[in-house]
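Q: pasting the sequence and the predicted coordinates here, then a few questions.
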Amino acid sequence: MNKSVNPVVAAGVILCAIVVLGFKFWADQQANGVPRPTLMQAHPDGGVVILVGLSLYHVSSANTLEEVIDLRQFEIENMVGDFAFFSNGDLLIRTDTVARSLGKDLNAIARIRETDVATEGHYNQLSRCSLSDRSCVKFSSELPAFDRTFRLSIDWTDDSVYVADTSRHRLLKLDAKGELLAEKDGFKFPNQLRLYDQRLWIADTNHHRVSALSAQQANFAHELTSHTTKIDDSEWRWPSAFTKVGNQWWVNIAFSNMDRGRVLVYDADWQYLKELDLPAGSDVIGLELLDDEVLISDFKEIAVYRYSKEGEQRSDLDVTMLTDLFAASRVEAQHFRLLGYVVLGVGVIAWMATFAYAVISGRKGPAEERANLPSSDSEALAVTLDSLPREGMSFTVNNQVRLATKWMWPFMAVMAIFAVVLGEGVFMDVSRDDSQITLMLTLLILPFFPLMLMASRLVKLELVMYPDRVVALKHNHQRVEQNYPDIRWTKSAVLVGDQVVPLKNAKGTELFEGFTDNISPLLKESSRLGAMTMLEHRWRSPEGMLKSLTLTMALLFSAMAYFEREAITQFLKGLGLF
């Protein structure tokens, strides 16, 4: 591993690693994008409506499919937030959807928020849709555009609408015609809303509690009681969904990334009773009561579970169309995940092969190495010294490396902007997609920093050869020099003071153009170093080239291990090591 490291090649290796990890992330996103059961709502005519992809499936208490509502007929191409039904069966949902834009997210970063009156025209607005004629009308002119998640609840006695405006940390109450009656802020990512006994219950996610609030307009959302919900001192402390089952409360407690939900059961006084025994690897999204049982939607395993009111698991929801759809989604998701693993595996093998090739190709036989040496130290020394001007001959880093370093900083800036833009959802929302994208971009950006630091130092290095010595002007303006007879070297580098200077590689590429041809005749066989000795000098070299590359690869493999932690855990369990 004593072969010189070309920063351009190193940057190429890192970029290839990012492409591989990026493709793996894309494959995972495609797998997560297949139709999966998520939110559920009760229907005024009985039964439960389940959101799967861009369709709503109305399931009766007899486990029969009553209706399928294709949301694309309402011009919904991107489902964000909740849905609910009015007492006459009309649907309340976000329609005329447009995706988040860079401009909107930059405004969000600057905390430029929408006013109380929508400024987005008719886009991303709540609409009341009639299922009989598939027509929609704007529900309210007093609501902002909903670009991020929100939750809904409708009181069927008077069709009052309650909105948990999650990203704006507030609750709203509107009448059946969309007139804003009251609002209250002070929450922290409020999620599930439910009405029980004229009280409005709310999962106040980032305050780690479920609270009962006044539903009356006069003192709307005044807190009546509050109950902390978490699993011991673990990261499972983010309540996102709940339902009342008889005299018990079932609460979905999510992990810190709003995934891997676990369901806790509390009694009427909110004393902990037990945790539901869920299938391994489950990721609960929604809970909904259906007559004498509770339906639980599992995002990860693509299933809807049925539990008795006593907490005993029954067979999964058995509706033919949904069963077939879930089975097809599992196959498609597995296809994308396997595709991601294949590309990842090929990438790892390629990195290992490149590393092995670099080590093997850097080893020359003794005859080949002697052929690269001057035939006579004294003769070569005289010829070379005569060609060096007294004012010195300067050598700087070649233009290719300089250009790569110059564009590396703008590239990093763009990546950082996108990470912040997409990651704004981590702080302003509870969207798992946003947080995953942000985390991915962050972990892919981090490895560039040591590489950029190394490259920035390296391009500032300048070498000057005088008739009697060579001088290295380092990035920190320090100057080191070495007389020619005292220069220590290997076939891939020379040592000027404590500065390691790479020489031309086997393919004729060199960092300092012309330096190798001028310095080689001046190197003495007696000053030649062993490979391990030069490797130690490389590790201590002030520009930190070897340390930077080592740290970069460590960060990349750490990122890979983090994103595939579940697969690695399962693999280790299979080997009996975990």
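A: Looks like it arrived, so ask away. Numbering: from 1, shown residues only.

Q: show me where the stretch 1-150 of the chain has strands.
A: Taking DSSP state E, counting those that start in this stretch as the criterion, the stretch 1-150 of the chain carries its strands at 37-42, 48-52, 55-59, 65-70, 84-85, 91-95, 125-130, 135-138.

Q: packing partners of the helix or strand that comes right after the last one?
A: The element immediately downstream of strand 135-138 (helix or strand, assigned by DSSP states H and E) is strand 151-155. Applying 3 or more C-beta pairs under 8 Å, 6 or more residues apart in numbering; DSSP states H and E, one finds that strand 151-155 contacts strand 84-85, strand 160-165, strand 190-196. For glycine as for every other residue, the C-beta is placed from the backbone atoms N, C-alpha and C.

Q: scan this structure for its longest helix.
A: Using DSSP state H, we find that the single longest helix of the chain is helix 320-361.

Q: now the residue nearest to residue 241 when sequence neighbours are not counted: phi and psi?
A: Using C-beta to C-beta, 6 or more residues apart in numbering and skipping residues adjacent in sequence, the residue nearest residue 241 is residue 252, 4.1 Å away. Residue 252 has phi and psi values of phi -90, psi 120 when expressed as degrees, to the nearest 10.

Q: how many residues are close by residue 252?
A: The tally of other residues near residue 252 (other C-beta atoms under 10 Å) stands at 26.

Q: same question for residue 531.
A: What residue 531 shows, counting by other C-beta under 10 Å, is a neighbour count of 14.

Q: quickly note the distance from it to residue 352.
A: Here residue 531 is placed at a distance of 20 Å from residue 352 (C-beta to C-beta, to the nearest Å).

Q: contact partners for residue 307?
A: The contact partners of residue 307, by C-beta atoms under 8 Å, 6 or more residues apart in numbering, come to 276, 293, 294, 296, 313, 314.

Q: the second one touches residue 308, doesn't it?
A: Yes: using C-beta atoms under 8 Å, residue 293 is in contact with residue 308, at 5.8 Å.

Q: find the residues that touch each one of the two.
A: Residues touching both residue 293 and residue 308 comprise residue 314, with contact defined as C-beta under 8 Å, 6+ apart.

Q: which one's more surrounded, these two?
A: Set side by side, residue 293 and residue 308 show unequal neighbour counts under other C-beta under 10 Å, the larger going to residue 293 at 19 against 12.

Q: residues near the residue nearest to that one when sequence neighbours are not counted, how many?
A: With C-beta to C-beta, 6+ apart as the criterion, residue 293 has its nearest non-adjacent residue at 5.2 Å, and that residue is residue 306. The number of residues packed around residue 306, counting by other C-beta under 10 Å, is 17.

Q: again with residue 271
A: Counted by other C-beta under 10 Å, the residues lying close to residue 271 total 8.

Q: any idea how far stretch 520-531 is from the chain center?
A: When C-alpha coordinates are averaged (C-alpha atoms, centre = their mean, to the nearest Å), stretch 520-531 and its chain have centres 49 Å apart.

Q: next, the buried residues of it.
A: Of the residues in stretch 520-531, those with enough neighbours to count as buried (16 or more other C-beta atoms under 10 Å) are 520, 521, 522, 523, 524, 528, 529.

Q: closest to residue 149 among the residues you listed?
A: Within the set of the buried residues of stretch 520-531, residue 529 lies nearest residue 149; the separation is 61.4 Å, counting by C-beta to C-beta.

Q: OK, contacts around that closest one?
A: Contacts for residue 529 (C-beta under 8 Å, 6+ apart) come out as 488, 489, 490, 495, 537.

Q: let's see that with 10 Å instead.
A: With contacts taken as C-beta atoms under 10 Å, 6 or more residues apart in numbering, residue 529 has the following neighbours: 2, 488, 489, 490, 493, 494, 495, 535, 536, 537.

Q: what's opposite the third one in the beta bridge?
A: In this entry, residue 489 is beta-bridged to residue 494, residue 528, by DSSP bridges.

Q: quick one on the thing from earlier: for the longest helix of the chain, packing partners?
A: Of the remaining helices and strands, those touching helix 320-361 by 3 or more C-beta pairs under 10 Å, 6 or more residues apart in numbering; DSSP states H and E are helix 7-32, strand 37-42, strand 48-52, strand 55-59, strand 65-70, strand 303-308, helix 545-563.

Q: to residue 287, which of those lies closest?
A: Proximity of those to residue 287 was assessed by C-beta to C-beta; the nearest stretch is strand 37-42, lying at 7.5 Å.

Q: just the CA trace of the closest one, in PDB.
A: Extracted in PDB, the C-alpha atoms of strand 37-42 (Å, rounded to 0.1, in the frame of the first residue of the first chain):
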ATOM      1  CA  PRO A  37     -51.500   0.300   4.000                       C
ATOM      2  CA  THR A  38     -51.000   3.500   6.000                       C
ATOM      3  CA  LEU A  39     -53.800   5.600   7.500                       C
ATOM      4  CA  MET A  40     -57.300   4.300   8.400                       C
ATOM      5  CA  GLN A  41     -60.500   6.100   9.200                       C
ATOM      6  CA  ALA A  42     -64.000   5.000  10.300                       C
END
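
Q: any idea of the angle that strand forms with strand 55-59?
A: 50 degrees (axes from the mean of the first three to the mean of the last three C-alpha atoms, to 10 degrees).

Q: any stretches of the stretch 251-400 of the chain with poor pLDDT?
A: 354-386 (pLDDT under 70).

Q: the closest residue to residue 330 other than its chain neighbours and residue 63, how far apart?
A: If you skip the residues right next to it in sequence, residue 330 has residue 302 as its closest partner in space, 5.2 Å away by C-beta to C-beta, 6+ apart. In this structure, residue 302 and residue 63 are separated by 18 Å, where distance is defined by C-beta to C-beta.

Q: those two: which has the busier surroundings?
A: In this view residue 302 and residue 63 are compared by other C-beta under 10 Å, and residue 302 has more residues nearby, 22 against 16.
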